[in-house]
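**Q** quick one, structure for this:
(one chain, ligands or ions: 2)
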Amino acid sequence: MRPYLQANIAPKRSFQWKRPAASPLTIHNLADHGRRLKPHRLRRMVQFGFLAACLWIGWCFIRYYESLTPAGRHVDPRPPGVEAFLPISALMSARLWLQTGAIQPVHPAGLLILGAILAASFFFKRSFCSWICPIGLLSENLADIGRKITGRNLVLPRWADWPLRSIKYLLLGFFVWVIFGRMDLNDLRGFLESPFNQTADIRLWLFFRHPSTTTIVVLAVLAGLSIFIRHFWCRYLCPYGALAALVGLAGPVRIRREIPSCIDCGKCARACPASLPVNRLVSVHSDECSLCLECVESCPVPAALGVNLAPARRRVWPLLVALGVVGIFLFAIAYGKISGHWQSSVTRQEMMEQIQLALPSQ
Ligand code: SF4
Ligand code: SF4
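**A** Numbers count the residues shown, from 1 in each chain. Ligands and ions are numbered 1, 2, ... in the order given. Next up, the predicted model:
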């Protein structure tokens, strides 16, 4: 923990607040139990759900790729969800959609998934990082390993933390500048319809299937840093995290501390993985808050800390955050399927030809 946090944690008052005993679950108090569901457990359930979905998509995609090769014996369909891993193509599609209203048909699911991430970020801050992203889950677990080894995670001093945090915004700014500032419509269409973009998912798979020595070293360094510095990749380098953080700042939801109920124990600040001084704030309005709700879970007084809808100052249950985040993604998928903007327009035959032309050595 940072020294200034320790210095500002008020001493405990002489009384201890006691949580009331839980009543048994009945049909009448179902809503009460929903309100009391542990945020951490809820978040883990959502995270592992998305991880399972990603692994399933990955497995289906590998089968699809194998089926395109001469050795393939089955006709496996392509899972459109794989387009979640093509963020630059999705950003280009977003610019095309904003300018023309057309959804480009090569990777339409990628655009809808990007839209879902932006919507989740607006309504639930940077929840993409702490509730959905498998890299975020991996990062949390690496940091937990680090804490078990050394007893704590390293918190960088402010003079190093701030410049490093700006790297992800610079990377995002670069992509936005190129796509929105430097490319015209012809450039965009040219790239989106190019064989390179059509086979981008297969190129990505082959990149990780046959990693170069440089790739292995870079991944190992990032994993090593994430063990000792919590969320190293997410906090300092990820442009997707930067986008979610900026959109989240404009949203209506905040962590809010009710000063009359707060007993100044400082547990919320100690639990915050983003090292935010929650115990000294009334409302958490930081780009680093990922609405992970660890502070809410750690607070011994349920009325003192919670998620609030800013204009109405209404308390939002953790269960609603979970349902909201999952619901936005399910809505995007359902909309894509119903409107016909989910499956890629590239046919199986075209993809086989592209692979032979563009990737002759595979
Ligand atoms: S303030 Fe609370 S919700 Fe936000 S990152 Fe810190 S612990 Fe998570
Ligand atoms: S908000 Fe809760 S955890 Fe934070 S200082 Fe107050 S009582 Fe303690």
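
**Q** C-alpha from now on. contacts and neighbour counts both.
**A** OK.

**Q** any regions of the stretch 251-362 of the chain where pLDDT drops low?
**A** 311-312, 358-362 (pLDDT under 70).

**Q** tell me the residues of it that contact ligand 1?
**A** By C-alpha under 6 Å from any ligand atom, the residues of the stretch 251-362 of the chain that approach ligand 1 are 271-274, 276, 278, 289-295.

**Q** among these, which are located in strands?
**A** Among these, the subset assigned to strands under DSSP state E is empty.

**Q** looking at the residues you listed, spot the one nearest residue 194.
**A** Nearest to residue 194 out of these is residue 290 (C-alpha to C-alpha; 36.2 Å).

**Q** tell me the spacing between the nearest residue to that closest one once chain neighbours are set aside and residue 186.
**A** Excluding the flanking residues, the one nearest residue 290 by C-alpha to C-alpha, 6 or more residues apart in numbering is residue 126, at 4.2 Å. Distance, residue 126 to residue 186, using C-alpha to C-alpha, to the nearest Å: 33 Å.

**Q** which of the two has more residues huddled nearby?
**A** Comparing residue 126 with residue 186 by other C-alpha atoms under 10 Å, the one with more neighbours is residue 126, at 31 against 9.

**Q** OK, contacts around residue 179?
**A** Neighbour list for residue 179: 91, 92, 95, 188 [criterion: C-alpha atoms under 8 Å, 6 or more residues apart in numbering].

**Q** for those, pick the one with the most neighbours.
**A** Counting by other C-alpha under 10 Å, top hit in the contacts of residue 179: residue 92 with 24 neighbours.

**Q** sec struct for that residue, please.
**A** Following DSSP: H, G, I helix; E, B strand; the rest coil, residue 92 is assigned to helix.

**Q** need the residues of the stretch 251-362 of the chain next to ligand 1 in a markdown table (columns: neighbour count and distance to residue 52).
**A** Shown next, in a markdown table, are those (neighbours: other C-alpha atoms under 10 Å; distance: C-alpha to C-alpha, whole Å):
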| residue | neighbour count | distance to residue 52 |
| --- | --- | --- |
| 271 | 19 | 27 |
| 272 | 20 | 26 |
| 273 | 21 | 24 |
| 274 | 18 | 26 |
| 276 | 22 | 30 |
| 278 | 22 | 32 |
| 289 | 24 | 25 |
| 290 | 24 | 21 |
| 291 | 25 | 22 |
| 292 | 24 | 20 |
| 293 | 26 | 22 |
| 294 | 20 | 23 |
| 295 | 25 | 26 |
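
**Q** these in helices, which ones?
**A** For these, the ones inside helices are 271, 294, 295, with DSSP state H as the criterion.

**Q** now distance to residue 149 too, for the residues you listed, in JSON lines please.
**A** Shown next, in JSON lines, are these (distance: C-alpha to C-alpha, whole Å):
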{"residue": "271", "distance to residue 149": "18"}
{"residue": "294", "distance to residue 149": "21"}
{"residue": "295", "distance to residue 149": "23"}
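
**Q** of those residues, closest to residue 56?
**A** Of these, the one sitting nearest to residue 56 (C-alpha to C-alpha) turns out to be residue 294, at 28.4 Å.

**Q** how close does residue 338 get to ligand 2?
**A** Using C-alpha to the nearest ligand atom, to the nearest Å, residue 338 is found at 44 Å from ligand 2.

**Q** element containing that residue?
**A** Using DSSP states H and E, residue 338 falls within helix 318-339.

**Q** buried set for that helix?
**A** Going by neighbour count (16 or more other C-alpha atoms under 10 Å), the buried part of helix 318-339 is 318, 319, 321, 322, 325, 326, 328, 329, 332, 333, 336.

**Q** can you check stretch 85-99 too?
**A** Buried, per 16+ other C-alpha under 10 Å, within stretch 85-99: 86, 87, 89, 90, 91, 92, 93, 94, 95, 96.

**Q** which residues are contacting that stretch?
**A** 102-104, 107, 110-111, 114, 175, 179-180, 185, 188, 192, 197, 200-201.
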